[in-house]
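1. Please find the sequence and the predicted model below.
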Amino acid sequence: MLKAIKFRSSNGQLEVLDQLLLPHTMSYIKISTVEDGWNVINKMQVRGAPCIAIVGALSLAVEIWNEEVADKKIFLSEIEGKLNYLISARPTAVNMKKESQNLMEFATSLCNDSECDPSDMKKKFIDQIIQMLEKDIADNKAIGKYGSEAIMATCKGSSQSVNLLTHCNTGSLATAGYGTALGVVRAMQESGKLNRIYMTETRPYNQGSRLTAFEMVHEKFSATLICDSSVAYLFQKKHIKAVVVGADRVAVNGDTANKIGTYQIACLAQHHGVDFYVCAPFSSIDPSISSGDQIIIEERPEREMTYVNGVRIAAQGIEVWNPAFDITPASLIKGIITEKGVYEPKDLKDCFAQS
Ligand SMILES: CSC[C@@H](O)[C@@H](O)C(=O)COP(=O)(O)O
């Protein structure tokens with residue numbers, strides 16, 4: 001499996017795959033500081049909501065790796081400042097914000113624990129960050145299993161294999177490994193239930209043609225790339241059983257922010273009677289947001305749209321609007337596939353009330 005993150009827990013060495021150079025060049029960038037982490041996230045050398053949170057947190061771990069911590073309160077305020085800085089790298093994905101809150105709660109409890117000395121606090125804090133890597137892979141495998149079961153439960157005939165469509169990149173490159181929506185695809189492939197995965201190019205940054213296509217070729221899946229504008233025709237012609245996409249932030253009512261173009265695919269899926277699933281860990285659900293209207297949508301530089309590989313492809317002088325994400329209303333989503341099971345959007349609220 002491709003690896004977006006290489007982390008050595010023996011000596012605190014962190015490297016991330018430069019996804020701007022894919023699919024032509026596999027080159028890893030060394031990350032030594034929080035500023036390095038912020039930069040690779042902001043420039044989208046690392047992207048994908050779970051991967052952003054893990055790389056952000058690990059950049060803090062490697063920065064403090066050799067630090068002598070003498071005072072717990074000073075250390076707590078240092079990590080709070082650095083986590084807040086990391087959240088500012090990209091605004092739409094909630095995972096970095098949620099993981100920061102979790103890490104701050106954990107660090108505060110260590111700070112208040114009189115049995116824990118400053119160096120213990122640092123060690124335990126770093127260990128907590130490292131656990132995020134394993135947890136993300138385990139969560140993705142659970143998402144894959146639940147998603148595969150949910151899709152196959154709607155099929156008539158147990159031996160059937162199906163065609164799926166995905167958008168953007170949600171695989172090993174967007175997570176610690178295995179993937180969310182691509183994790184569902186992977187689980188279906190492993191159980192012989194995948195006939196073919198179709199993927200959109202995902203303009204303007206081309207996560208589909210550069211990254212998902214790269215992963216699928218690498219894994220030797222039966223996979224086909226389509227233009228973003230071919231989705232309606234694909235639904236007419238290719239017997240697509242379901243759409244599986246990831247999420248950058250899910251509101252409590254199920255409205256979902258994901259890569260620009262997701263909303264129009266959901267509209268087309270409804271028109272054609274194709275099931276539309278969002279696949280995301282609980283860390284992508286934002287309990288503080290009641291609906292999608294409150295989600296801040298990142299707008300990226302116009303150059304990402306008007307240039308391809310340094311060559312301008314748009315007419316000089318044209319004005320450009322380049323939102324990186326859109327909001328798919330909950331009414332278009334059949335299920336939200338998480339590591340705890342599959343929820344109808346209307347049931348998410350109760351799920352938070354219970355926990
Ligand atoms: C498991 S990744 C889920 C989402 O983060 C993904 O679908 C997506 O929209 C990524 O956007 P990106 O702008 O490439 O970070």
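-> Ah, there it is. As the structure is a prediction and not an experimental result, all values here were calculated from the model. Numbers count the residues shown, from 1 in each chain.
2. In contact with the residue in the chain that the ligand sits nearest to: list those residues for me.
-> The chain approaches the ligand most closely through Gly246 (2.7 Å), counting by CB to the nearest ligand atom. Heads up, the C-betas are built off the backbone N, CA and C, glycines and all. By CB atoms under 8 Å, 6 or more residues apart in numbering, the contact set of Gly246 is 48-49, 168, 170, 174, 180-181, 258-259, 278-280, 284.
3. can you tell me which helix in the chain is longest?
-> Longest helix in the chain, counting residues (DSSP state H): helix 118-153.
4. picking up where we left off before, how much space separates the residue of the chain closest to the ligand from Gln13?
-> Counting by CB to CB, to the nearest Å, the separation of Gly246 from Gln13 is 28 Å.
5. same thing with Ile240?
-> Going from Ile240 to Gln13 by CB to CB gives 43 Å.
6. neighbour count winner among those two?
-> Ranked by neighbour count (other CB atoms under 10 Å), Ile240 and Gln13 place Ile240 first, with 20 against 14.
7. Spell out which parts of the stretch 1-150 of the chain neighbour the ligand.
-> Arg47, Gly48, Ala49, Pro50, Ala93 (CB under 6 Å from any ligand atom).
8. Make a PyMOL selection of whichever of those residues turn out to be buried.
-> With 16 or more other CB atoms under 10 Å as the burial test, the buried ones among these are selected in PyMOL as follows:
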select buried, resi 47+48+49+50+93
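9. Distance from stretch 71-85 to the middle of the chain?
-> 26 Å (CA atoms, centre = their mean, to the nearest Å).
10. what pLDDT, on average, does that stretch get?
-> For stretch 71-85, mean pLDDT rounds to 98.
11. For Gln264, which non-adjacent residue is closest in space?
-> Distances taken as CB to CB, 6 or more residues apart in numbering place Val231 nearest to Gln264, at 7.5 Å, with adjacent residues excluded.
12. related to what we said a few turns ago, for burial, what's the neighbour tally of the spatially closest residue to the residue of the chain closest to the ligand that is not a sequence neighbour?
-> The spatial neighbour of Gly246 that comes closest, neighbours along the chain excluded (CB to CB, 6+ apart), is Thr170 at 3.6 Å. Thr170 has 34 neighbours, counted by other CB under 10 Å.
13. wait, what's in contact with Thr170?
-> Thr170 is in contact with Gly48, Gly179, Thr180, Ala181, Leu182, Gly183, Thr212, Val244, Val245, Gly246, Cys279, counting by CB under 8 Å, 6+ apart.
14. Out of those, give me the two with the largest separation.
-> Longest distance between any two of these is 14.7 Å, between Gly48 and Val244; criterion CB to CB.
15. In contact with Leu21, which residues?
-> Counting by CB under 8 Å, 6+ apart, Leu21 makes contact with Ser27.
16. Report how many residues lie close to the nearest residue to Trp65 once chain neighbours are set aside.
-> Closest residue to Trp65 apart from its sequence neighbours, by CB to CB, 6+ apart: Gly12 at 3.7 Å. Counted with other CB under 10 Å, the neighbours of Gly12 add up to 17.
17. Surely Gly12 and Ala61 touch.
-> Yes: between Gly12 and Ala61 there is a contact at 6.8 Å, judged by CB atoms under 8 Å.
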